[in-house]
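Undergrad: generate a structure from the sequence data that follows.
(chains A and B)
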Amino acid sequence: MHLLSLYWTFLKIGMFTIGGGYAMIPLMEREIIARHGWLTAEGFLDIVAIAEATPGPLAINAATFIGYRLGGFFGSLLATLGVVTPSLVTLLLLGKFLIRLILDPRAERFLSGLRPAFIALISMAVIRLGHAALVDLRTSLIAAGVFAASMLFPRLSPLYLIGAGALLGLLLYPY
Amino acid sequence: MALEAGFALNGQQQAAQQQKVSLISIFLVFLKVGALTFGGGYAMLPIIQREIVVRRQWIEESLFFDMLIVAQSLPGAVALNTAIQVGLRLRGIAGGIIAALGIIVPSFCVILAIAAYFLPLFQDNVYIKAVFYGLRPAVVALIAAAVISLGRSILKRRRSIALAAVFLAAGLLLKIHPIALLVAGGLMGLILFRDKVD
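TA: Numbers count the residues shown, from 1 in each chain, chains lettered A, B, ... in the order given. Next comes the predicted model:
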C-alpha cells in the first residue's frame, strides 16, 4: 500500500465530489472496491454507516476511516488531505476567478449535464451495494423499512434511521 | 451561555466597526460546527448560517447564499467549501485555511479514535456484527432514498431524464469510469442546455 497512491486516489475522489456527500459514493466504490480492492462492499458500507453516525462531512469521515484502515495514522492523514486538497486549491488559489466562472451561464449548463450523469452513477452504485447488503429476507426488510421511513419523513435526520438499522440488526441477526 | 452571548455581542460590534475577526474565533466557530453537527455536510449548512450570519453577523445573508451556490458547484465537501469561503472573506488565505481546519479536526479525531481504538476492541464481538448486519441495508436504503429525492429535483426536464437514461445504459453495458461519465455529462450539458426552457 503506497501512501502516495492513497493520497492520489482521494484527491481524485475530492475533485469529482461536486455537490457533496453522496456524490462521492460512486467514485469511492469504483476506486476503492473495484479498482484497488482496498475494501469489500460490506466494509465500505460499514464505513459509510460510521461516517453517517459521527459528526462532520461524509467525505472527510470516510477518507479518514478508509485511510486509517489502509495505512494507519499517516494513511488517514494523507487520505483526508487528499479529499480536502481540491477545495483548498480551488477556493484559495483560484477564488475570485473561479467565482466569476461559476456565475457564467456555461458553468450552470455544464452542471446541468453533469447532474443526470451523477444520478445514473449513483443508481448503479445503489444496485451493486444492495447486492452486498441485502443478503437475506431480514436485511431486505430492514432496507425496505428504512427506505419507506426516509421517503415518508424526509425531514427526519439520517441519524435516527441509522440508529433504527443498528437496533433492527441486533434484534434480527441470525445469532 | 454567558460566554456565547459575549461572543455574539463581540461579533456584532466587530461587524459594526468593520474590524477584523480574529483567526482563533474563526477556528472556534467552525470547530463547534464540525464537532456538533451530525448527518453530513448539508445538515451543517443551516448551522453555519445561524452561527455566521445570524448570531455573529460576520457576513451578510445574500453573500452567504452566493457562497452556498459556489460551494455546491465546486469540487469537495459542501460544508468545507462554505467554511473556506467564509474564512477567506474574513481573513484572507489564513482565514480560509483556519476555517477548513476547524471543520476537519473534529471529524478527523472522532473517526481516528473509532478506527484505532474502538473498532479493534469489538471487531469479533457478535453484537457488533449484528449491528453492522442491520446498518448495511439501512445505509443502502438511505442512499436509495437520497437518489429518489435528488432525482426528483434534478430530472425535471425531459433532456435531463434522457441524459440520465443514456448514461445509466452506457454505465451498465460498458465499463466506463465514473469520472469519464461525469465529464461526458458536463460536455453534453454544454451542448444540450443552451436555452433555459425545455
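Undergrad: can you give me the helices for chain A?
TA: Using DSSP state H, the helices found in chain A span residues A:3-15, A:25-28, A:41-52, A:58-88, A:94-103, A:105-133, A:137-152, A:158-172.
Undergrad: so B:Asp124, which of the three states?
TA: coil (DSSP: H, G, I helix; E, B strand; the rest coil).
Undergrad: which residues touch B:Leu135?
TA: B:Leu135 makes contact with A:45-46, A:49, A:162, A:165-166, A:169, according to Cβ atoms under 8 Å, 6 or more residues apart in numbering or on different chains. Quick note: C-beta positions are derived from backbone N, CA and C, even for glycine.
Undergrad: got the helices of chain A as CSV, with mean neighbour count, distance to B:Leu168 and mean pLDDT columns?
TA: Output for those, formatted as CSV (neighbours: other Cβ atoms under 10 Å in any protein chain shown; distance: least, Cβ to Cβ, whole Å; pLDDT from 0 to 100):
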stretch, mean neighbour count, distance to B:Leu168, mean pLDDT
helix A:3-15, 21, 21, 92
helix A:25-28, 26, 12, 88
helix A:41-52, 22, 20, 89
helix A:58-88, 24, 23, 93
helix A:94-103, 14, 27, 75
helix A:105-133, 21, 4, 90
helix A:137-152, 17, 20, 96
helix A:158-172, 19, 25, 92
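Undergrad: a markdown table please, covering those helices and showing distance to B:Gly186.
TA: Listed next are these as a markdown table, based on distance: least, Cβ to Cβ, whole Å:
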| stretch | distance to B:Gly186 |
| --- | --- |
| helix A:3-15 | 13 |
| helix A:25-28 | 15 |
| helix A:41-52 | 26 |
| helix A:58-88 | 16 |
| helix A:94-103 | 13 |
| helix A:105-133 | 4 |
| helix A:137-152 | 29 |
| helix A:158-172 | 28 |
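Undergrad: JSON lines for those helices, including distance to chain B?
TA: As requested, the helices of chain A are exported to JSON lines (distance: least, Cβ to the nearest Cβ, whole Å):
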{"stretch": "helix A:3-15", "distance to chain B": "5"}
{"stretch": "helix A:25-28", "distance to chain B": "5"}
{"stretch": "helix A:41-52", "distance to chain B": "4"}
{"stretch": "helix A:58-88", "distance to chain B": "3"}
{"stretch": "helix A:94-103", "distance to chain B": "5"}
{"stretch": "helix A:105-133", "distance to chain B": "2"}
{"stretch": "helix A:137-152", "distance to chain B": "4"}
{"stretch": "helix A:158-172", "distance to chain B": "2"}
